[in-house]
Every structure is written in structure tokens, then in C-alpha cells.
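Trainee: can you look at this prediction? I've put the sequence above it.
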Amino acid sequence: MAKHILSFDLRANFACFKKPDVNDGIILTFNCLHKPALLGILGAIVGLKGYNKKGEFPEYYRAFKDLPIGIEPLEGFHEKGNFSKTIIKYTNTVGYANADGTLIITEQTLVNPAYRCYVMLDDTDECQAKLRQNLLNGESVYLPYLGKNEFSAWWDMESVLEYDYSLFSAKSEFKINSIFVREYPLHDKKVKPKYSPSLGTIINKSSYMYFERLPIGFDEKLYQYELGEFAFTDWTLKQDSTFEDLYTIKNLYNNKVIQLF
């Protein structure tokens, strides 16, 4: 089979995925790893070049911009979809930054973020085949990082998993285990929890629905992020809920529904 879906668990002590619309007083971060940031990490693993010429997209983006990816906040590291955050203040000592006095930076930072990253790779593509091998071997040409080069990231070889997969078609109620693009209100699609006398417990329990507007790509004329409305939830959804590009993935350890975008 030429195409493979595999996942790897990406972790770091800290992360800052800078929001471009905040530039006064404090730098804020996106809560979730997003596609443009993940593509940069994949480029670093393969050894593709980053930004080095104004008005030109980096080599890694040109190579991977159409790569289907999925992202799942890793269980045990988030609380109802949200990662712990802290505020860090530091002094920028670069000469040009201090022309009008000492520049003090205030930055919101994620603490111990962790994500399960899914990629669909095609062995007939040289870069994608190399990426698959480097992930499986725990190798990276450049140091991957989460938003800033001092926030180095890593994955364990044992966390790299490959899956049998198929396009998902709902035949009953279901859950989506990754973040997914939200194209309509979801409240009416939630399956209400109920008590099961035979099991002696409540089924379809749910506790959260997390929303975030995240970068999904780039506007290649304006050289700025294109944003998408994303959700992440433990809700059970009704059978008639429809989403694009959902896949069923299976291996010895997992049987999940994820969205690749």
C-alpha cells in the first residue's frame, strides 16, 4: 500500500504558538498545535529549509502544504481540551530592540503541551517516504520545536503507530477523537446521556466541548494565516452528524475516528 496513516506523540516542556493579531503589551498563544506549525516540525524532521527569502514560502511548506494531517490533544496532559498556561516576562537584549530603551517581553506560554499528530504519507513521494522512515527511527535532521526554538520538542519511537484505515461512514452514534473543523452548531448533534439499567451506569457521559479558531493554512497572496473554526470534544454525536474527511483508524492499540485536513 503506497499510503500510510501513522501517528506520533509530540511533547515539549513549553510552547508558544504566537497569535498574529496581538502585538501590544502581551504575546498570546494558541492553545492547540495547528497545521502550519506542524508542517514546520515535519520539515525539520526531514531537513527541509525554512523561511530565508521575503515573499517566498519556505521549502517545507511547498513540500507538505497538501499533506493530510490530524491533531489530538494527548490524554492526561490537558483539562477539557485546555493546556496549562503561564505568563513569562523577559528582557530582549538585542541591540535594535532596545533603541528606545530596554524592551521587556510579556508572553503567554503553554506548560507541558502534548499532541498526538496524525499524517497520511505516500511512499511514492520522496520527502514523505523519508519523513515516515525518520519518524519510525526517531530521527530528525533539525531540532523540532513548538513555536520558539528554545521550546524543543521530542517524540518517543515507541509512540509511533501505523494504522489500517478507511473513510468513515456513520452507521450509529460516534465520537471524533481528534480536533475537527466545525462547520455548523453542534449542540443539537449531541447524544444526551442516559442511565442504562442493564449496565447499571450512565452511558454517553460527556463533560466538555472546546472551541478554537486555528490556522489551517496560508493565504498565498496575502502571506498570512487562513483560519478555521475547530472543535474538540468527548461528546457522542448523532449518526446524522456530517463532517468531511473522517477516517476510521485501527491497530492493536486503537480504534478511533479522526479528521485529516
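Mentor: Done, it's in. Residues are numbered from 1 along each chain as shown.
Trainee: what does stretch 234-252 contact?
Mentor: 5, 68, 118, 161-168, 170-176, 180-181, 183, 186, 189-191, 204-209, 255-261 (C-beta atoms under 8 Å, 6 or more residues apart in numbering). Using the backbone N, CA and C atoms, a C-beta is placed for each residue, glycine as well.
Trainee: so what's D164 bridging to?
Mentor: K250 (DSSP bridges).
Trainee: now do the buried residues in the helix or strand Q133 falls within.
Mentor: Following DSSP states H and E, one finds Q133 within helix 126-137. By neighbour count on 16 or more other C-beta atoms under 10 Å, the buried set for helix 126-137 is 127-132, 134-135.
Trainee: still on that earlier bit, which among the contacts of stretch 234-252 end up buried?
Mentor: 5, 68, 118, 161, 163, 165, 168, 173-174, 176, 180, 186, 189-191, 204, 209, 256-261.
Trainee: so where's the stretch 1-150 of the chain uncertain?
Mentor: 1, 23-24, 93-102 (pLDDT under 70).
Trainee: do a quick rundown of the helices in this structure.
Mentor: Listed in chain order, the helices of the chain (DSSP state H) span 35-46, 59-64, 126-137.
Trainee: want to throw the ones you listed into CSV with distance to L74?
Mentor: Formatted as CSV, those follow (distance: least, C-beta to C-beta, whole Å):
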stretch, distance to L74
helix 35-46, 14
helix 59-64, 22
helix 126-137, 16
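Trainee: out of those helices, flag the one nearest Y90.
Mentor: helix 35-46 (21.5 Å; C-beta to C-beta).
Trainee: could you list every helix and strand in contact with the closest one?
Mentor: helix 59-64, strand 69-73, strand 114-122, helix 126-137, strand 209-219 (3 or more C-beta pairs under 8 Å, 6 or more residues apart in numbering; DSSP states H and E).
Trainee: between those, which one is nearest to L146?
Mentor: Of the helices and strands packed on helix 35-46, nearest to L146 by C-beta to C-beta is strand 114-122, at 8.9 Å.
Trainee: how close does S207 get to W235?
Mentor: 9 Å (C-beta to C-beta, to the nearest Å).
Trainee: before we move on, what about P185?
Mentor: 13 Å.
Trainee: could you do I258 as well?
Mentor: 15 Å.
Trainee: and V111, by the same measure?
Mentor: V111 is 26 Å from W235, by C-beta to C-beta.
Trainee: the more surrounded of these two?
Mentor: Taking other C-beta atoms under 10 Å, V111 and W235 do not tie; W235 has more neighbours (23 against 13).
Trainee: return the distance of stretch 30-45 from the chain's centre.
Mentor: Put simply, stretch 30-45 sits 7 Å off its chain's centre (C-alpha atoms, centre = their mean, to the nearest Å).
Trainee: one step back: as TSV, the helices and strands packed on helix 35-46 with distance to N13 would be great.
Mentor: Formatted as TSV, the helices and strands packed on helix 35-46 follow (distance: least, C-beta to C-beta, whole Å):
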stretch	distance to N13
helix 59-64	24
strand 69-73	16
strand 114-122	10
helix 126-137	21
strand 209-219	22
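Trainee: of those, which is nearest V46?
Mentor: helix 126-137 (5.0 Å).
Trainee: contacts for the closest one next, please.
Mentor: Looking at helix 126-137 with C-beta under 8 Å, 6+ apart, the contacting residues turn out to be 4, 6, 8, 42, 45-46, 48, 63-64, 67, 119, 121-123, 139-141, 155, 157, 160.
Trainee: need the contact list for the residue nearest to F17 when sequence neighbours are not counted.
Mentor: Leaving out its chain neighbours, the residue that sits closest to F17 by C-beta to C-beta, 6 or more residues apart in numbering is F30, at 4.1 Å. Listed by C-beta under 8 Å, 6+ apart, the contact set of F30 reads 17, 19, 212, 214-215.
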